Structure formats: structure tokens, C-alpha cells
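K.L.:
here is my input, please return the structure:
(6 chains)
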Protein chains: 4
Amino acid sequence: MNRRSVAAKKRAPATDKRERIQQAAIKVFARKGFYATRVSEIAKAAGVADGTIYLYFKNKDDVLVSIFQDGIGQLLDFLKEVIERHESVEEQIKRIIELQLGQLEAQRDLAEVITVNLRQSSRLLKQYAAPLFMEYLELIGGVIAQGQKEGVFRKDLNPKVAARALYGALDGLTLTWALHDGDPASLRKAASQFASLFLEGIKVR
Amino acid sequence: MNRRSVAAKKRAPATDKRERIQQAAIKVFARKGFYATRVSEIAKAAGVADGTIYLYFKNKDDVLVSIFQDGIGQLLDFLKEVIERHESVEEQIKRIIELQLGQLEAQRDLAEVITVNLRQSSRLLKQYAAPLFMEYLELIGGVIAQGQKEGVFRKDLNPKVAARALYGALDGLTLTWALHDGDPASLRKAASQFASLFLEGIKVR
Amino acid sequence: MNRRSVAAKKRAPATDKRERIQQAAIKVFARKGFYATRVSEIAKAAGVADGTIYLYFKNKDDVLVSIFQDGIGQLLDFLKEVIERHESVEEQIKRIIELQLGQLEAQRDLAEVITVNLRQSSRLLKQYAAPLFMEYLELIGGVIAQGQKEGVFRKDLNPKVAARALYGALDGLTLTWALHDGDPASLRKAASQFASLFLEGIKVR
Amino acid sequence: MNRRSVAAKKRAPATDKRERIQQAAIKVFARKGFYATRVSEIAKAAGVADGTIYLYFKNKDDVLVSIFQDGIGQLLDFLKEVIERHESVEEQIKRIIELQLGQLEAQRDLAEVITVNLRQSSRLLKQYAAPLFMEYLELIGGVIAQGQKEGVFRKDLNPKVAARALYGALDGLTLTWALHDGDPASLRKAASQFASLFLEGIKVR
DNA sequence: CATGAATGAGTATTCATTCAT
DNA sequence: TATGAATGAATACTCATTCAT
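P.N.:
Numbers count the residues shown, from 1 in each chain, chains lettered A, B, ... in the order given. Presented below is the predicted three-dimensional model:
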């Protein structure tokens, strides 16, 4: 404990700074886009020198990737929790929807970075985002497959297709919300409406 | 026909070259992404000199925008046609889904450019894509509202939310398809499955 | 005669066009400067196609050089006439001053092109302008030397120095006039005042 | 002294580099002209990287303008000193002539840059040079006006015209010297001869 | 003679990254 | 760890010139 806190004294400020840089980057990326953002702008927004960024990240790409990984990683953790809680699959789907939209609602800038900026480099998208994406989609697909096995969800739908459609719909709602609206209430309302639409569509009648 | 060929004598070569540049750009953009693509690469792929591109487009951005505008414009035209044909709203939704997926299925590179590359410049996305995008969404929203008026679709769903979700789901299906799968059959199958899911979810019971 | 007029039918329009291009170039050069002027702008101002300019001039430099040569050439011709008229040297100096200022007063744009634009290319200045310049200066120097021989002008002044100073003073008056004033009357008044100043300064007392 | 060296610790290297770039630019501009000079050539001559130039100057234009401003600024400072020393106006005129020619004689390249290169961009000339130029002319004009008030100089000459002619003559002498001669002695001799010519011409008899 | 579409060499400027302090 | 001055590779775009018609 003592050792940890001693170590913390040395690590904490560093972690702090890393996070400060990430937060600054999220803000600037959201406002100007990844390519239009200068490393010096991130540094300025984070209150550090340009060179300092390279002490915490390999390069500019790495800053974006780390933001995505941390963001989607958190989402994955939450998702796993939801699934493990053994609720009904129907309830799980509801939670997934609330989670994805709710998570981002709280961090509009992060939402824009993940939905928009990440696509700015096909290379990054394919290399880093896709695998995590697939993991996320597979978890959702698993829930749907489980629902089919339980006889709750229609069996004539490919779970992967349903999962992709679900994710895409949520991404689309987030995108238009992030670009135009920005009102938290509207996103929450959209979430519940879409949940109803999706569940009615997928449930066995 | 005769008239067309007469007109062609003056316009065809120019239009031809413009289109050749666009097609070349679609290919290169899809492969390397917008920002990573060099103007000289587009020129080379199109078989023209670098400077020639600037006789047909204002700048590199303009090339991307024109691709999107022509692509989405075509989609809009088809969509309007579908709606005007006075089919049932249910049928219209089916056609919209087939249309959007079918249109892109035929042009995988274009699909990737529109779903991925366009988001590479927030500025372009907001400035040029958003308006056409909104028009597209409004047309879909109109179909849904019409269905509600006819008593066919549930009235507890906001047409705009449903439209965005629909578009997003299709975009998501296209994205994963363009990035991973690429098999035309799978996209068509996904289309019919998703149509069923969406319609079951939105119809009045 | 008949043959000449027949030939004229073929040559006249050509000469016409050459001059039209020169006049157009003078206007545009004066307004935007040599380097900032596009060949296409000259073409447009002259009402010809870009390529046509290359039928009458070797290149863009050649257009400027030809303007200078024709302008200074005319000045040289007039100057020789003045000297040959056997007036008193004092009278000749007066005429030179009136000539240089008067010639340009009538063509303000040409004045700016010669005083300002020609210096825009050191290469052109050294290669084409300098020799003609020297000829001009030598003519003036000759007048001064003649005045010294006649005992009218002070012998303690190097004729070359006096000639350069005379030319420079006139150039300076023209430059400020072309850049700021532009009122013909003021240039004429300046001419007579400077003539008085210069002659009083050079005459033997 | 001590204070200067302390300040130097922080400022000197920067100022040093800025000046090194200016000196290099003067050399290259004089040899090749402003437009024909590549930024990379200046950088190479100054022994810095291309990008470094942009840490000290806004752009290529700014390099030229700064050279002129520093050069003419120094001349203005000296000129004010001369005038403040309360010498006779006649003496002041002599000093002005010696100053302008002497100043440049010591720096032939700077002379060529100021007399030739500066005119290469009408825009720069009008925007940056003209104001300082006018200040210089007004100082000279003031000396002449003072001489008229004292009854030493002829009152039938417009002080502004006389000042412009004086400046132009000196500029002309410098120009031909910089382009052809280059012998310091000849410029000094020309200075005294021209001073005599000008003063004899302007003095009341 | 005249055209103007096409060419492609040529360059100022930016900005991610480094490294001496 | 932190800095930020210096680097220099990399590239969109321009525009004088050509040449097929």
C-alpha cells in the first residue's frame, strides 16, 4: 500500500498528463477533425509542450487510437457486465442500446471522435478499430443468438446481420445527434423509441 | 439518340474526362483513404496530367464532394421515383432498403468512399454532405409519417428517429460489408432480413 | 503600291494584333506588376487566345522587353532629333527633361511599366534595358560634354555623373508621380522647376 | 554592457539567426533577383533549414520587406541625427547626399536590393516601402523648406519636387553604380560632384 | 493565323517529429 | 520528465508554354 502510494507519486502525475492530453485531443479533434488538428494545438490545449506528447504517445495517430481504444474498451467492459448479469435477452438488448447511446451522450466530443474522426484514416479504422468493433458486434450477436435459442427472438434473422444493423442504427442516431442536435433528452428519447422498434421487430410473435 | 450524339461531339470528351477522373478517384480513395491519396495518384490512375484535374475540379476536396453528390444525388432521384410510384408505404420501405444497399452493392468502392471517406473531413461532411443527407432522411421520414397517417405504422415512434435509425442500420451494414465481406449475395440477403426486422418493428399490430 | 496594300491586308491585322497585345500588357502590367500578371490575363485584355500571344512574342519576358524597347526606342529617336536640331545645349537639356517627362505623362501606364516593372527582372534589366539605357545616358552625357566644350557648362562635373543624376531625378519624379499623384499638370510643373534647378546647377557662372 | 550580455543570453541567438537569414537573403537577392530566388537558396546560404526561415519571417515577401525596413530605417535615423545637429541647411544637404550614397557604398548588395529588388513587387513597394519612403522625402523636403525660410535656397522651387529629384538622382547614381561600376571611389566622387551641382542649382544667387 | 485544352515542371509553405538542453 | 527551437520531407496547386485541330 505504502509502496503503491509511493509509486503513485511518481506515476500519478504522468498518468494525469496522459489523460490530460487525451481529453485535450478529444476536444480539438471533435472541433476540427483529426487531420485538421495540429499536434501543437493538442499540446496547447493540454498545457504541455509539443514534445511532451511524444513522451506519452508514439505519434499523432496513437493519440487517436488510444482515445478510441479506451472509449470502446470501457463500452466493452460495461457490455460484458450487462450480459453477465443474466437478465433476460430482451432486457439485455435494451441495456445495450441505452449503454451505447448513454455512454456517448455524456461525452459528446468523444462521440464525435469515435463516430466521425476514427473513419478519417482507413488504415487506423481497419487496423485498430475493426478488431474491437468485431468483438463488440460479436457480443451483441451472441445476445441475439441466445435469444433465438431461448425462442424469444425470430430465428429467420442472421444474428450478425441484426447486430450490425443494431450497431449501425445507434451509430447513425449518435452521428446526427452529435452533428446537429446535441440535446441529451432527445438522444435518450430516441434510445427508448428505437429499442421498442428493434425489439418488436426481432421478437417472435 | 441522334440529338445525344450531336451534343456528345462537344461535351462528351470533357464529361468523359471528368468522369474518368471521378472513377479513378473512387478507386484510389477506397484503397488509401482521402487524406492519404495524392492528387498525382488520382491523375496517374485517370491517365491525365496533374494539372488537368484542376480543369474539372476546384481542388482535391471538390473531387470527393462531387463523387458524393453525384452518388447521393442518384440515390435521391431513385428514391423520389419509388415514392411517386404510389406503392404501399410498406412496399416503399422495402424498396428504399433494397435501393440503398443495392445501389452500393454494385459499386463497392463508391460504397466505401461514401461511408468511410466522406467522414474524413468534418468540414466537408457538415458543409456539403449534411444538406443532401438531410434531404434523404426527410424523404424517408415522410414515408414513415405517411404510413402513420394511413394507420399502417406505429404512431409512438418519431418518424425522424426511425428514419435515422433506418439509414444508420443500412450504413452500418454497408460499412462492415465494404470493409470485410464484399460478397454481393450476403448484402442482398442482409437487405431482406433487415427489411423484415424493420417492418415488423414499425408496423401496427 | 497595289502590292503593298495587298500585303498590308495580310500584315496590318497582324501588326495590329501585336500592338493590341502590347497595349493590353501595359495596362495589366501597370496594374498588377510583371510577375503577378498571368499570360492569360494579357490575352483576355487583348481579346485573343492565350496561344496567340506566342505567335507574336517569344514568351512573357519578350512582351515586357518589347514594350520597353519600343518605348525607350521612341524616346531615343526623339532625343536624337532634339540634338540634331542644333539648338543651344541649354535648350537641349530643357527639351530632354520635357521630353522624358512629357513622353511618359501621356502614357502613365507605360511610365509605370518602364520605371517599375522593368526592374522586376534583374536579368531583363541587365540584359536588355541596360544597353539601351547606356545609349540614352551617353546621348545626354554628350550634350553635357558639348556644353562644357562650348564653355557654357561647368567643367568640374563629370558628364556621365551629371547625365545619370539627370536621368535618375527624372525617373524619381516620374515614379512618385506614377505611384501617387497622376496629375499631368503637376508633372509638367515639376519638369520646368527641375530644369531650372539643374541648369542653374550646371551652368558656368 | 553587462546588461546587454545578460539579455544576449536569451535573445542573441535568435536575433543572430534572423540577421544571418537577412544577410544571406541580401546576397542572393542581389545576385538573382527577388522572384528568381528560391527560399531554399536563402536557407542554404544562411546555413539553416528551409522551415527555420518561417520561424523568423512570415514569408518570402517578409524577408525582403524586413531588409528594406531595416536599411531605410537606419538611414532615417542617421538623417534625423544630421538634421538635429543644427548645421547649416547647405551643410545638411551635403551630408544627406554623402549619407545616402555612403551608406549604400558600404553595402553594395543591399544597395542593389533596395534600388532594384524592392521594385519587383508593386504591392510590396506601395504597401511597405512607400510610407517609409515618404517619411524620408519629407525630411529632405523639410530641410529644403527650412533653407527657403532662411533665404538661402530659391523660393521658386517646390520643396517636394526638389526632394524627389534629389532622391531620384541619388538612386540613379546608385543604380548604375551597383549594376556596372562598383568602385567605391567613383561613388564618393560622384557624391561630391552631384552635391555641388544640386547646391549651385538650388541656392539663391 | 487562331484557338484553348492539356501539360507537367516547379516551389512556397506546413507541421509531425526530434533532440540538445 | 519537460521543453520548444530546429528540422526537412512532403505535396497541392499554378501557370507558362505547346500543339492538335
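K.L.:
tell me the pLDDT at the residue of chain A found nearest chain D?
P.N.:
Chain A approaches chain D most closely through residue A:40 (12.9 Å), counting by CB to the nearest CB. To be clear about C-beta, it is placed using only N, CA and C from the backbone, and glycine gets the same treatment. Confidence at residue A:40, expressed as pLDDT, is 97.
K.L.:
burial of it, as a residue count?
P.N.:
With neighbours defined by other CB atoms under 10 Å in any protein chain shown, the count for residue A:40 comes to 11.
K.L.:
residue A:94 reaches residue A:199, doesn't it?
P.N.:
Yes. Counting by CB atoms under 8 Å, residue A:94 does reach residue A:199; the two are 7.3 Å apart.
K.L.:
can you tell me which helix or strand the residue of chain A closest to chain D belongs to?
P.N.:
Assessed by DSSP states H and E, residue A:40 sits inside helix A:39-46.
K.L.:
what helices or strands is that helix leaning on?
P.N.:
Identification of packing neighbours for helix A:39-46 by 3 or more CB pairs under 8 Å, 6 or more residues apart in numbering or on different chains; DSSP states H and E yields helix A:2-32, helix A:53-56.
K.L.:
again, only this time at 10 Å
P.N.:
Under the contact criterion of 3 or more CB pairs under 10 Å, 6 or more residues apart in numbering or on different chains; DSSP states H and E, helix A:39-46 touches helix A:2-32, helix A:53-56, helix A:60-84.
K.L.:
so which of these is nearest chain C?
P.N.:
Among those, helix A:2-32 comes nearest to chain C, with 32.5 Å by CB to the nearest CB.
K.L.:
phi first, then psi, for the residue of chain A found nearest chain C.
P.N.:
Residue nearest to chain C within chain A (CB to the nearest CB): residue A:36, separated by 29.8 Å. Backbone torsions of residue A:36, given as degrees, to the nearest 10, read phi -80, psi -10.
K.L.:
and if you look at residue A:203?
P.N.:
Dihedral angles for residue A:203 - degrees, to the nearest 10 - are phi -70, psi 150.
K.L.:
that one: neighbour count?
P.N.:
16.
K.L.:
could you do residue A:155 as well?
P.N.:
Applying other CB under 10 Å, we find 12 residues neighbouring residue A:155.
K.L.:
also residue A:87?
P.N.:
Neighbours of residue A:87 (other CB under 10 Å): 13.
K.L.:
residue A:200 contacts residue B:153, correct?
P.N.:
No. With contact defined as CB atoms under 10 Å, residue A:200 does not reach residue B:153; the gap is 11.4 Å.
K.L.:
can you check the pLDDT for the most centrally placed residue in chain A?
P.N.:
Geometric centre of chain A, nearest residue: residue A:72, 3.8 Å, by CA atoms, centre = their mean. Residue A:72 carries a pLDDT score of 85 in this model.
K.L.:
give me the nearest residue to it, chain neighbours excluded.
P.N.:
residue A:132 (4.9 Å; CB to CB, 6 or more residues apart in numbering or on different chains).
K.L.:
same question, residue A:170
P.N.:
residue A:100 (4.8 Å).
K.L.:
residue contacts, the one you found?
P.N.:
Applying CB atoms under 10 Å, 6 or more residues apart in numbering or on different chains to residue A:100 gives the contacts A:75, A:78-79, A:111, A:136, A:140, A:166-167, A:169-171, A:173-174, A:191.
K.L.:
and those residues, which are buried?
P.N.:
Of the members of these, the ones counted as buried by neighbours, 16 or more other CB atoms under 10 Å in any protein chain shown, are A:75, A:78-79, A:111, A:136, A:140, A:166-167, A:169-171, A:173-174, A:191.
K.L.:
now go through those and say which are in helices.
P.N.:
Taking DSSP state H, the ones among these that sit in helices are A:75, A:78-79, A:111, A:136, A:140, A:166-167, A:169-171, A:173-174, A:191.
K.L.:
out of those residues, flag the one nearest to residue D:63.
P.N.:
Closest to residue D:63 out of those is residue A:111 (45.9 Å), distances taken as CB to CB.
K.L.:
mind listing what the closest one touches?
P.N.:
Counting by CB under 10 Å, 6+ apart, residue A:111 touches A:26, A:30, A:71, A:100-101, A:103-105, A:171, A:174-175, A:177-179, A:182, A:187.
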